[in-house]
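Engineer: Take a look and give me a structure for this.
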Amino acid sequence: LKSIRGYAFTDHKNRGLVAIWATVDGVDNGTERGPQMLVKFKGKLPEFIDLMGNKREVKAENGAVKIQLTSAPLFIRSEPGTVKDLVAAFHNAQILGARNVLDVNVLPKVDGSIEAVVSNKTDQKLAGTIKAASISKPFKLNKEAKVEVALTSPRKTKFGTIYKWNNPIEVMLGKDDKVNRTIDFEYFYVPYTAKPLPLNPDAPEWKKIPVFDITNWYTSTRRVKYVKHGYKGDLGATYQAAWDKDSLYIRIVIKDDDHAETKQYSYRGLYNFDNCVEVYFDTGVNARADGREKGYDRDDYRYDFAPTTFDGNRKSGRAQIYRLREVYHQIAGGIEMPTKQEVMDNFQSSFKRTKEGVVYVLKFEQKYIEPFMLKNGSMSGFALYIHDKVPGQKYPIKGLSSSSRKGSHCNEYPKYWPVMILKK
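Structural biologist: As a prediction, this is how the structure comes out:
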């Protein structure tokens, strides 16, 4: 269970010792309570000790103790020779609260339908009811299993269209134990191309690929009270996306009224460049599943792209690249996953200076986006953020975002990244 972390030991007196705590951002930030566990112990109750070494009094009903977890470890110490019984008690513990044991997601499908996906995060059997979009359906889940429930029928969809979903869903495990939230997201379909698309941004093949406008402004007011933006002639951007069996292709056209020079000598800081493009992938499409408002998990990427040289000369050529965030390597090829340096050296891209701004073409080969697979029906959260640096300022303080939330940056907010669905 990803919201709880625990370890078991034997101490120098052969006593069992368990350390357990919550791993929830909201608990760390003090904005929500941690999960509760109902643990039934065999024989004498163990000692409960907090992080400061203070013993805590607990009450048991029929040998079971309700434990409130926090971000600070709680230590449970049993009698000598009872470590196996202590471990068994926690292994068989009941996690209380539907939101702690279930992931609840809603996803689009390649046939145009929408489905709810409810996943059991525990190793215990669960049963309940899903209510959404005038549908009420009972379910049973084995340990770490999931159930999929169609919420809408298949329908025809078009490339080049942004679709939206915004509806409540309720999942009940008992009369008063439920997950109840509204799930909203944007989604679009990415066309298949029989032949690889060229890195040349002016190639006629790109004229066949649908274009999406990026119009959502983000401004940072940490350093100034107001950022002038959105005026006629200010930053404008569009993007296109297509795929084949080997690569995902992204073309981004940026129109900018002025160019701010940048002399930044760190690849990690490419986001300080004017017209830097940040590309995001949520390969598990799961940012909305656990109710998380902010933060990444183990299946998210962020790639940064910037002009070709560090001296501010935006001549045409291969774009600079830095993979600022990557997925857990064991779900992306293990030791075969490209390193940051290999990405910087080998990623195929182009950057072209134009009279109105710049154009990028980015070729994401399969190895750079795993575990997102290049096949019909595959999905990923996907977002772009484009920096607009004002001449004379040290850092960009405004930009365009493809986030579905108005005025939002993409960084740290995968919940608002639109979903791309690969479709032949």
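
Engineer: List the contacts of the lowest-mean-pLDDT helix or strand in the chain.
Structural biologist: Lowest by mean pLDDT, DSSP states H and E among the helices and strands of the chain is helix 25-29, with a mean of 79. Under the criterion C-beta atoms under 8 Å, 6 or more residues apart in numbering, residues Glu32, Arg33, Gly34, Leu69, Thr70, Ser71, Arg292, Glu293, Lys294, Gly295 lie in contact with helix 25-29. The way it works is simple: take the backbone N, C-alpha and C, and place the C-beta from them, glycine included.

Engineer: Which elements pack onto the following helix or strand past that helix?
Structural biologist: Per DSSP states H and E, the first helix or strand lying C-terminal to helix 25-29 is strand 36-40. Using 3 or more C-beta pairs under 8 Å, 6 or more residues apart in numbering; DSSP states H and E, the elements in contact with strand 36-40 are strand 64-68, helix 83-91, strand 94-96.

Engineer: Tell me the buried residues in strand 36-40?
Structural biologist: By neighbour count on 16 or more other C-beta atoms under 10 Å, the buried set for strand 36-40 is Met37, Val39.

Engineer: Quick one: the contacts of helix 25-29 as CSV, columns for distance to Ala89 too.
Structural biologist: Output for these, formatted as CSV (distance: C-beta to C-beta, whole Å):
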residue, distance to Ala89
Glu32, 26
Arg33, 23
Gly34, 19
Leu69, 15
Thr70, 20
Ser71, 22
Arg292, 30
Glu293, 33
Lys294, 34
Gly295, 31
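
Engineer: which among those residues gets closest to Gly236?
Structural biologist: In terms of C-beta to C-beta, no member of the contacts of helix 25-29 lies closer to Gly236 than Lys294, at 28.2 Å.

Engineer: How about the secondary structure of the closest one?
Structural biologist: coil (DSSP: H, G, I helix; E, B strand; the rest coil).

Engineer: switch to numbering from 790
Structural biologist: With 790 as the first residue, the last one maps to Lys1083.

Engineer: Could I get the pLDDT score of it?
Structural biologist: Lys1083 is assigned a predicted lDDT (pLDDT) of 86.

Engineer: Repeat that for Arg1057.
Structural biologist: pLDDT recorded at Arg1057 is 87.

Engineer: Number of residues surrounding it?
Structural biologist: 11 (other C-beta atoms under 10 Å).

Engineer: Surely it touches Ile1110?
Structural biologist: No: look at Arg1057 against Ile1110 with C-beta atoms under 8 Å: they stay out of range, at 11.5 Å.

Engineer: Common neighbours of those two, please.
Structural biologist: By C-beta under 8 Å, 6+ apart, no residue touches both Arg1057 and Ile1110.

Engineer: Check the offset of the top strand by length along the chain from the chain's centre.
Structural biologist: Taking DSSP state E as the criterion, the chain has its longest strand at strand 967-980. Strand 967-980 sits 13 Å away from the centroid of its parent chain (C-alpha atoms, centre = their mean, to the nearest Å).

Engineer: Give me the buried stretch members for the helix or strand that comes right after that strand, please.
Structural biologist: Later in the chain than strand 967-980, the nearest helix or strand by DSSP H and E is strand 1001-1003. The neighbour-count check on strand 1001-1003 (16+ other C-beta under 10 Å) flags Phe1001, Ile1003 as buried.

Engineer: likewise stretch 922-941?
Structural biologist: Neighbour counts using 16+ other C-beta under 10 Å place Phe928, Leu930, Val936, Val938, Leu940 of stretch 922-941 among the buried residues.

Engineer: Okay, and which of those residues map to strands?
Structural biologist: Applying DSSP E to the buried residues of stretch 922-941, the entries found in strands are Phe928, Leu930, Val936, Val938.

Engineer: Going by distance to Ala797, which of those wins?
Structural biologist: Leu930 (26.5 Å).

Engineer: okay, the angle between the helix or strand hosting Val907 and strand 967-980?
Structural biologist: Element membership for Val907 (DSSP H and E) is strand 903-909. With axes from the mean of the first three to the mean of the last three C-alpha atoms, to 10 degrees defining the directions, strand 903-909 sits at 130 degrees from strand 967-980.

Engineer: Strand partners (parallel or antiparallel) of the helix or strand just after strand 903-909?
Structural biologist: Scanning forward in sequence from strand 903-909 by DSSP H and E, the next helix or strand is strand 915-921. Partners of strand 915-921 in the sheet, by DSSP bridges, are strand 924-930 (antiparallel), strand 952-961 (antiparallel).

Engineer: Between those, which one is closest to Ala983.
Structural biologist: strand 952-961 (25.1 Å).

Engineer: Show me how far that closest one is from its chain's centre.
Structural biologist: That offset, for strand 952-961, works out to 18 Å (C-alpha atoms, centre = their mean).

Engineer: got a list of contacts for that strand?
Structural biologist: Under the criterion C-beta under 8 Å, 6+ apart, residues 887, 891, 893, 895, 897, 903, 905, 907, 917-922, 940, 946, 967-977, 1193 lie in contact with strand 952-961.

Engineer: any weak-confidence spans in this structure?
Structural biologist: 1012-1013, 1052-1054, 1097-1103 (pLDDT under 70).

Engineer: Dump the stretch of helix or strand Phe1070 belongs to to PDB, restricted to CA.
Structural biologist: For Phe1070, the element it lies in under DSSP H and E is strand 1066-1071. Extracted in PDB, the C-alpha atoms of strand 1066-1071 (Å, rounded to 0.1, in the frame of the first residue of the first chain):
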ATOM      1  CA  VAL A1066       9.600  24.000 -23.900                       C
ATOM      2  CA  GLU A1067       8.800  21.600 -21.100                       C
ATOM      3  CA  VAL A1068       7.300  18.300 -22.100                       C
ATOM      4  CA  TYR A1069       5.500  16.100 -19.500                       C
ATOM      5  CA  PHE A1070       4.300  12.500 -19.600                       C
ATOM      6  CA  ASP A1071       2.200  10.700 -16.900                       C
END
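
Engineer: If anything else comes up later, I'll come back, but that's it for now.
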